[in-house]
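Visitor: quick one: sequence and predicted model below, then my questions.
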Amino acid sequence: MKEFAFQLEKLAEQLLDLLCENLGLEKGHLKRAFYGSKGPTFGTKVSNYPPCPKPDLIKGLRAHTDAGGIILLFQDDKISGLQLLKDGNWIDVPPMRHSIVINIGDQLEVITNGKYKSVMRRVVAQPDSNRMSIASFYNPGSDAVIYPAPLLIEKEAEKGQVYPKFVFEDYMKLYAGLKFQAKEPRFEAMKAMESTINMGPIPTV
């Protein structure tokens with residue numbers, strides 16, 4: 001598991017650089033934006049969803065967006081359950097052997113000024129199957145200051161800065177109580193606080 005997590009962390013950083021390339025940002029910008037004073041944070045969570053005799057009465061995991069940066073999900077290769085919201089409809093993500101599902105979290109939506117959106121997802125319970133998953137989270141450091149990349153704001157001057165500036169730890173405190181609600185009110189709440197943020201340069205790593 002330790003080696004698995006180490007390799008996934010490297011993969012997450014490679015994916016962030018691919019996103020930078022696609023957005024026209026300097027290589028490493030997203031990693032630096034996540035850095036804070038002690039570097040980004042990375043964690044892995046193993047989840048078990050036992051069979052449920054009445055799956056229509058309960059969700060394996062309620063609908064939510066992830067608070068962090070980029071999520072790498074190694075899901076069960078036989079049992080389905082993961083769904084993503086697209087155009088108002090819940091879409092099944094089928095089991096895919098030897099595959100990793102990549103999800104975008106709220107922080108990447110903010111830094112990319114909405115070019116990449118965090119994905120609403122849920123897990124539905126199964127009546128007669130046990131499902132497992134391994135989710136790894138590459139997130140900003142607790143004191144990282146999150147805000148839209150200036151270059152992206154310049155490219156869309158008419159759009160302006162849509163998202164707020166905030167400290168990731170402050171966002172997580174808010175998220176803890178509102179995880180299963182819409183993300184937009186969370187962004188609005190952070191926007192109301194942004195005048196208190198001390199904006200420093202993105203660190204060099």
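Guide: That came in fine, so what should we check first?
Visitor: mind checking the end-to-end distance for stretch 157-168?
Guide: Start-to-end span of stretch 157-168 (C-alpha to C-alpha, to the nearest Å) is 26 Å.
Visitor: buried stuff in that stretch?
Guide: Residues 163-168 are the ones in stretch 157-168 that count as buried (16 or more other C-beta atoms under 10 Å). The way it works is simple: take the backbone N, C-alpha and C, and place the C-beta from them, glycine included.
Visitor: worst-scoring helix or strand of this structure, pLDDT-wise?
Guide: Least confident helix or strand, the chain: strand 59-64 with a mean of 85, by mean pLDDT, DSSP states H and E.
Visitor: tell me how far that strand is from the chain's mean position?
Guide: 16 Å (C-alpha atoms, centre = their mean, to the nearest Å).
Visitor: quick revisit: out of the buried residues of stretch 157-168, who's nearest residue 44?
Guide: residue 168 (18.9 Å; C-beta to C-beta).
Visitor: run a quick neighbour tally on the nearest residue to that closest one once chain neighbours are set aside.
Guide: Using C-beta to C-beta, 6 or more residues apart in numbering and skipping residues adjacent in sequence, the residue nearest residue 168 is residue 140, 4.2 Å away. Residue 140 is flanked by 29 other residues according to other C-beta atoms under 10 Å.
Visitor: does residue 140 touch residue 34 like I think?
Guide: Yes - because the distance of 4.1 Å satisfies C-beta atoms under 8 Å, residue 140 is recorded as touching residue 34.
Visitor: any residues in contact with both of those two?
Guide: When contacts are counted by C-beta atoms under 8 Å, 6 or more residues apart in numbering, residue 140 and residue 34 are jointly contacted by 40, 69, 107.
Visitor: quick one: name whatever helix or strand follows the helix or strand the last one falls within.
Guide: Spelled out, that is residue 107. For residue 107, the element it lies in under DSSP states H and E is helix 106-111. Counting by DSSP H and E, the next helix or strand C-terminal to helix 106-111 is strand 121-124.
Visitor: phi, psi of residue 177?
Guide: Dihedral pair for residue 177: phi -100, psi -10, per degrees, to the nearest 10.
Visitor: pLDDT score for it?
Guide: For residue 177, the model assigns a pLDDT of 87.
Visitor: got it, and residue 202?
Guide: 48.
Visitor: now do the one 3 residues further on
Guide: The pLDDT attached to residue 205 in the predicted structure is 50.
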